[in-house]
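[1] build me a model from this:
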Amino acid sequence: MEIYRVGEKIKEERARRSFSQEDVCTGICSTGTLSRIENGTQKPNLKMQEALLERLGCSTENLVFFASNEEAEKHNLELELGVLTMHRKPIGEKLREYAGLISDASVTQGLEKQFLLTMEAICGFYSREWELSRVFEQLEGALRLSVPNYEECKVTSIKLLTNTEITILNNLALVLYRQEEHVRAISIMNYLVRYVENSDFNVETTGKKYPMLIYNLARMMDTIGSYKEMHRTCDKGIEFCKKYGRLAAMPELFYSKAVACQKLDKIPEAIECLEYAICLDKIMDKRDIVDELQAEYNELLKYNCKINHEHHNTLPQEQIQSAEA
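    Numbers count the residues shown, from 1 in each chain. Modelled structure (predicted):
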């Protein structure tokens, strides 16, 4: 997307989806700034362009080609940090590098500060070096940089989200989940899933997060014993992954569905789901996980044979003879 067309694109998408300027730009820039961007009289920096387009569900893939060297460097670091945190890898060195790039108060943007605070909190959360209360407080503080009036009890009133805002809310829910605040955690996660489902999102932007959100919601439903809803949720995630080729999340979704099936006494379906999960993990060369799943699969097969044998032995004699015939 050429830089001079960004404002035009934002204006078109905003009008098409019937959002006000305030809906789109709150916490990112003033309505006056957005007006100038839409009219082509002001060029926003890369981070602002991304945030405005993400809230409208638009692709941001090509923006970096028209960015300055400094903006491109920060952008590439953000991508690296996102991948590292997704795979639970250490990010301390990269985080310090990013902090150095935005350390000049005259050029630091609120959105960049938000990203930094978010990555710091996530790092502290998964390394378990921070108290959960500290992680939660920093994530909420980061969210309020772009959603100034955020209140957890009113989360469903948020109309539009950037990818960073989705990440923050997802991790707030995960912190609550670890604190055993399951109802609060599920409330936020349900909102995020519905938000993506009801948004006119781009698969390469907001849509990338959908399988992760679905999986997290399914895990939370397992904790509270909501297995029918867990089964339905996993099916939605699996269908999405099939449709858009998001194979990375499918093994976890099939495994979660297998768990729900077992709890719902759908053993043959659970066995089938485990078979899919094992095959996909083999393709992805996840040997340790495959070994664990294979052990569960073997136990489930034994259990299924036992159940079938017991059922066979309790049939009336005429039904047994008919079955054997």
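[2] how many other residues sit next to residue 113?
    The number of residues packed near residue 113 is 14, by other CB atoms under 10 Å. Just so you know, the C-beta spots here come from the backbone N, C-alpha and C atoms, and that holds for glycine as well.
[3] likewise residue 37?
    23.
[4] show me what contacts it?
    Listed by CB atoms under 8 Å, 6 or more residues apart in numbering, the contact set of residue 37 reads 6, 7, 10, 29, 43, 44, 52.
[5] what's the ChimeraX syntax to select whichever of the residues you listed are buried?
    The ChimeraX command for the buried members of the contacts of residue 37 (criterion: 16 or more other CB atoms under 10 Å) is given here:
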select :6,7,10,29,44,52
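[6] and the contacts of residue 37 as TSV, adding secondary structure?
    Formatted as TSV, the contacts of residue 37 follow (DSSP: H, G, I helix; E, B strand; the rest coil):
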residue	secondary structure
6	helix
7	helix
10	helix
29	coil
43	coil
44	coil
52	helix
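[7] now the contacts of residue 37 in TSV, with pLDDT and distance to residue 96?
    TSV is the format used below for the contacts of residue 37 (pLDDT from 0 to 100; distance: CB to CB, whole Å):
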residue	pLDDT	distance to residue 96
6	90	31
7	93	35
10	95	33
29	95	28
43	88	30
44	90	27
52	96	29
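[8] contacts for the host helix or strand of residue 256?
    Assigned by DSSP states H and E, residue 256 belongs to helix 250-263. Contacts of helix 250-263 with the rest of the structure, by CB under 8 Å, 6+ apart, involve 211, 214-215, 218-219, 222, 225, 227-228, 230-231, 234-235, 237-238, 241-242, 267, 269-271, 273-274, 276-277, 280-281, 284, 286, 289, 293, 300.
[9] C-alpha coordinates for that helix, PDB please?
    Extracted in PDB, the C-alpha atoms of helix 250-263 (Å, rounded to 0.1, in the frame of the first residue of the first chain):
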ATOM      1  CA  MET A 250      -4.500 -27.400  14.600                       C
ATOM      2  CA  PRO A 251      -2.700 -30.100  16.800                       C
ATOM      3  CA  GLU A 252      -3.600 -28.200  20.000                       C
ATOM      4  CA  LEU A 253      -7.100 -27.700  18.900                       C
ATOM      5  CA  PHE A 254      -7.600 -31.400  18.000                       C
ATOM      6  CA  TYR A 255      -6.100 -32.300  21.300                       C
ATOM      7  CA  SER A 256      -8.400 -30.000  23.200                       C
ATOM      8  CA  LYS A 257     -11.400 -31.400  21.200                       C
ATOM      9  CA  ALA A 258     -10.200 -34.900  22.200                       C
ATOM     10  CA  VAL A 259     -10.300 -33.900  25.900                       C
ATOM     11  CA  ALA A 260     -13.800 -32.600  25.500                       C
ATOM     12  CA  CYS A 261     -14.900 -35.700  23.700                       C
ATOM     13  CA  GLN A 262     -13.600 -37.900  26.500                       C
ATOM     14  CA  LYS A 263     -15.500 -35.900  29.100                       C
END
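[10] which residue, other than its chain neighbours, is closest to residue 129?
    Leaving aside its sequence neighbours, residue 129 sits nearest to residue 123 (CB to CB, 6 or more residues apart in numbering; 7.9 Å).
[11] could you check the angle helix 250-263 makes with the longest helix seen in the chain?
    Scanning the chain for the helix with the most residues, using DSSP state H, yields helix 287-314. Between helix 287-314 and helix 250-263, the angle comes out at 20 degrees (axes from the mean of the first three to the mean of the last three CA atoms, to 10 degrees).
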